[in-house]
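Novice: With the input below, show me the fold.
(chains A and B, ligands or ions: 2)
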Amino acid sequence: MVVVTAKQLDEIVHMLAGRRRVLLLGCNTCAAVALAGGDREVETMIQALQLAISRRGMTVEFVGGVLQRQCEPEYVEAMDAEDIDAILSLGCGAGVAMLAAQTGIPVYPALDTLFIGAAQGLGSWRAECSACGSCVLGETAGICPVTRCAKGILNGPCGGVNDGECELGDRPCAWVEIHERLESQGRGASFAHENPPKDDSAGEMYQWDLSAKGGSR
Amino acid sequence: MSLAAAFDSGRFVVTSEVGPPKGTDVAAMLETAEVLAPHVDALNVTDNQAAVMRLSTLAACVHLTQAGHETVYQVTCRDRNRLALQSDLLGAASFGITNVLALTGDHVRVGDHREAKAVFDLESVQLLRVIQTLNAGTDMAGKELHGTPEFYAGAVVTPDSAPLAPQLAKFEKKVAAGARYFQTQAVYDLASFESFMRFARRFEVKVLAGIVVLRSARMASFMNANIPGITVPEGIVAELTASEDAASTGVQIAARFIRGAREMCDGIHIMAIGAEHLAPRVIGEAGLTREVPA
Ligand code: SF4
Ligand code: SF4
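Specialist: Ligands and ions are numbered 1, 2, ... in the order given. Now for the predicted structure:
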């Protein structure tokens, strides 16, 4: 899923200055699961914003709503934005972009989009993929070196590994984990495979059309 | 004598390190080089070491080469993409700089420009392969070069890395990718270095043992706690603690290690880190004193 987190209230208040009636719009897919864009978070944010705004002597009216997925036009088209002069999106960057493209009214992000990740426990997620466009997980025992190695190294640990910890001190060394898991699966020999430099163009694809798959370009 | 020739001559090779200045004044760097030069076969020039921004390594190598020194051009992958790396390498070759040490590099987050974008378009193994490609007369895109470099490529290894197995596996990859010599992270334990060398001797590569001269017990403890892959044994820390002249004791500790390692490896690399004046003493105490023939 796409992992997101709420911005500081001050930053949001600053963005909304001068707005009259703002729609706070949650997203019921990734952002809701990340506990940042569901019903409850929309409610809580409205209350927090009302308080912060009135403290500053401003008046803004807030209405709340949640779309199933902000990143799909069908849901956005079905939405009621009557008499709304700005949308505050509690979705990821893709949700904000879709809302802005479809509605024609100013849309502001209430969240920061962090990464594509997986749940580690209640309220905890870890980055697992950077959408590089040419996946090597098959060779790295399902541990992404692009994402989980701080340097995106493709050929084994650097000299900074410290008792299995990354030199940055914020994570286990991805390459120690890859080596361990390959060994435990009897695939230790594949560690010796030299991974060539990545094709960076694969990761900066602008658009993907399913119809292009297998078809001629 | 070139570094490659020094290795081939069978002598016990000595290299040391100089860091480019933060600023344009290269006088102190050149002075340090003059102090070290009579005792070493080559001077290694660091590349924004520890991710701290400094004058470019290539420019520093040019200054040093023009002053008559044999340099080792350190190249990290942190700050440049594959175009910039290749073009700087060709630039170096055009100035007659042939020794290259290929490194991935410390992360920008540990340096003095923490908000910078970390590049890492390539890493050490891939960079070694690129150097090999350039030596063969083409660039990474397969385009022919007008004028081909003759780089002598080296790499680094951390013999006390924990865990060790993946580090050794990577060492093998570096050998396969064209590393001809290795410079190790600082080592202090002769027995553990010997076991590393038994492994390294299975390959056709030269190994320089990394020496960092300890100047106090505090420095030793600091390195144990903070520098990944360096282990200063308790006995050595105690020796420094008991000493009244810790710097001299540090010199003796380094010299003792070198005498012990002399039959195991092909030379030493002294990382003086701010105490370049100690390097000649270490070399003297280790019995390596000699004028390097031109
Ligand atoms: S290799 Fe690329 S596609 Fe695969 S998990 Fe990592 S970033 Fe994602
Ligand atoms: S310590 Fe491991 S995870 Fe961290 S940068 Fe080095 S190889 Fe990557």
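Novice: all contacts plus neighbour counts: C-alpha atoms, from now on.
Specialist: Noted.
Novice: end-to-end on stretch A:180-198?
Specialist: End-to-end span of stretch A:180-198 (Cα to Cα, to the nearest Å): 23 Å.
Novice: Low-confidence ranges, the stretch 1-150 of chain B, go.
Specialist: By pLDDT under 70, the stretch 1-150 of chain B contains no weakly predicted segment.
Novice: Name the nearest residue to the closest residue to ligand 1 within it, ignoring sequence neighbours.
Specialist: Residue of the stretch 1-150 of chain B nearest ligand 1, by Cα to the nearest ligand atom: B:D121 (13.8 Å). Closest residue to B:D121 apart from its sequence neighbours, by Cα to Cα, 6 or more residues apart in numbering or on different chains: B:N81 at 5.2 Å.
Novice: number of nearby residues for that neighbour?
Specialist: 14 (other Cα atoms under 10 Å in any protein chain shown).
Novice: quick one: it and B:F120 touch, right?
Specialist: Yes: counting by Cα atoms under 8 Å, B:N81 touches B:F120, with 7.0 Å between them.
Novice: quick one: the residue nearest to B:D121 and B:Q126, what's the gap?
Specialist: 12 Å.
Novice: same question, A:V96
Specialist: 39 Å.
Novice: Tell me which residues touch A:V63, please.
Specialist: A:R21, A:V22, A:L23, A:L24, A:I46 (Cα atoms under 8 Å, 6 or more residues apart in numbering or on different chains).
Novice: Repeat the analysis, applying 7 Å as the threshold.
Specialist: A:V22, A:L23, A:L24 (Cα atoms under 7 Å, 6 or more residues apart in numbering or on different chains).
Novice: As a markdown table, these with secondary structure, distance to chain B and pLDDT would be great.
Specialist: Shown next, in a markdown table, are those (DSSP: H, G, I helix; E, B strand; the rest coil; distance: Cα to the nearest Cα, whole Å; pLDDT from 0 to 100):
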| residue | secondary structure | distance to chain B | pLDDT |
| --- | --- | --- | --- |
| A:V22 | strand | 34 | 97 |
| A:L23 | strand | 34 | 97 |
| A:L24 | strand | 32 | 97 |
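Novice: circling back: check which helix or strand the residue of the stretch 1-150 of chain B closest to ligand 1 maps to.
Specialist: Assessed by DSSP states H and E, B:D121 sits outside every helix and strand.
Novice: residues near it, how many?
Specialist: 23.
Novice: So B:D41 is in contact with B:A5, correct?
Specialist: No: the pair formed by B:D41 and B:A5 falls short of the contact definition of Cα atoms under 7 Å, at 9.9 Å.
Novice: Give me the more crowded residue out of the two.
Specialist: B:D41 (28 against 11).
Novice: ok, now which ones touch that one?
Specialist: Taking Cα under 7 Å, 6+ apart as the test, what B:D41 contacts is B:L3, B:V13, B:V14, B:T15, B:V292.
Novice: quick one: the first one and B:A42 touch, right?
Specialist: Yes: in terms of Cα under 7 Å, B:L3 counts as a neighbour of B:A42; the distance is 6.5 Å.
Novice: If you count surrounding residues, which of these two has more?
Specialist: Legend: neighbour count by other Cα under 10 Å for B:L3 and B:A42, higher for B:A42 (26 against 20).
Novice: quick one, what contacts that one?
Specialist: Here B:A42 is in contact with B:L3, B:T15, B:S16, B:E70, B:T71, B:V72 (Cα under 7 Å, 6+ apart).
Novice: Please indicate which of the contacts of B:D41 are buried?
Specialist: B:L3, B:V13, B:V14, B:T15 (16 or more other Cα atoms under 10 Å in any protein chain shown).
Novice: which one among those residues gets closest to ligand 2?
Specialist: B:T15 (25.7 Å).
Novice: Just the CA coordinates for the host helix or strand of the closest one, please, in CSV.
Specialist: Per DSSP H and E: B:T15 is located in strand B:13-18. Only the C-alpha atoms of strand B:13-18 are listed here, as CSV (Å, rounded to 0.1, in the frame of the first residue of the first chain):
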residue,chain,number,x,y,z
VAL,B,13,54.3,-1.3,-0.4
VAL,B,14,53.4,1.6,1.7
THR,B,15,50.7,4.1,0.9
SER,B,16,49.1,6.9,2.9
GLU,B,17,46.4,9.4,2.6
VAL,B,18,45.9,13.1,2.0
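Novice: Would you mind listing the buried residues in the helix or strand just after that strand?
Specialist: Sequence-wise, the next helix or strand downstream of strand B:13-18 (DSSP H and E) is helix B:27-36. By 16+ other Cα under 10 Å, the buried positions in helix B:27-36 come out as B:M29, B:L30, B:T32, B:A33, B:L36.
Novice: where do the helices sit along chain A?
Specialist: Counting by DSSP state H, residue ranges of the helices within chain A are A:9-16, A:30-33, A:39-55, A:73-77, A:93-103, A:145-148, A:174-184.
Novice: near chain A at all, stretch B:225-234?
Specialist: Yes: Stretch B:225-234 comes into contact with chain A (Cα under 7 Å from any Cα of the partner chain), by way of B:P228, B:G229.
Novice: what comes into contact with that stretch?
Specialist: Residues outside stretch B:225-234 that contact it (Cα under 7 Å, 6+ apart) are A:159-162, B:158, B:160-162, B:186-189, B:220, B:223-224.
Novice: Kindly report the same for stretch A:128-144.
Specialist: By Cα under 7 Å, 6+ apart, stretch A:128-144 touches A:116-118, A:146-148, A:174, A:178, A:181-182, A:190, A:202-203.
Novice: Could you tell me the end-to-end distance of that stretch?
Specialist: End to end - Cα to Cα - stretch A:128-144 spans 6 Å.
Novice: Kindly report the same for stretch B:33-48.
Specialist: Start-to-end, stretch B:33-48 (Cα to Cα) is 18 Å.
Novice: So which residues on chain A come close to chain B?
Specialist: Residues of chain A found near chain B (Cα under 7 Å from any Cα) are A:151-153, A:155-157, A:159-164, A:176, A:179, A:192, A:194, A:196-197.
Novice: try it again with 8 Å
Specialist: Within chain A, the positions near chain B by Cα under 8 Å from any Cα of the partner chain are A:150-164, A:167-168, A:175-176, A:179, A:191-192, A:194-198.
Novice: Can you select the buried ones from those in ChimeraX?
Specialist: The ChimeraX command for the buried members of the residues of chain A next to chain B (criterion: 16+ other Cα under 10 Å) is given here:
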select /A:150,151,152,153,154,155,156,157,158,159,160,161,162,163,164,167,168,175,176,179,191,194,197,198
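Novice: can you tell me which of the residues of chain A next to chain B are up against ligand 2?
Specialist: Counting by Cα under 6 Å from any ligand atom, A:A150, A:K151, A:P157, A:C158, A:G160, A:V161, A:E167, A:W175 from the residues of chain A next to chain B sit close to ligand 2.
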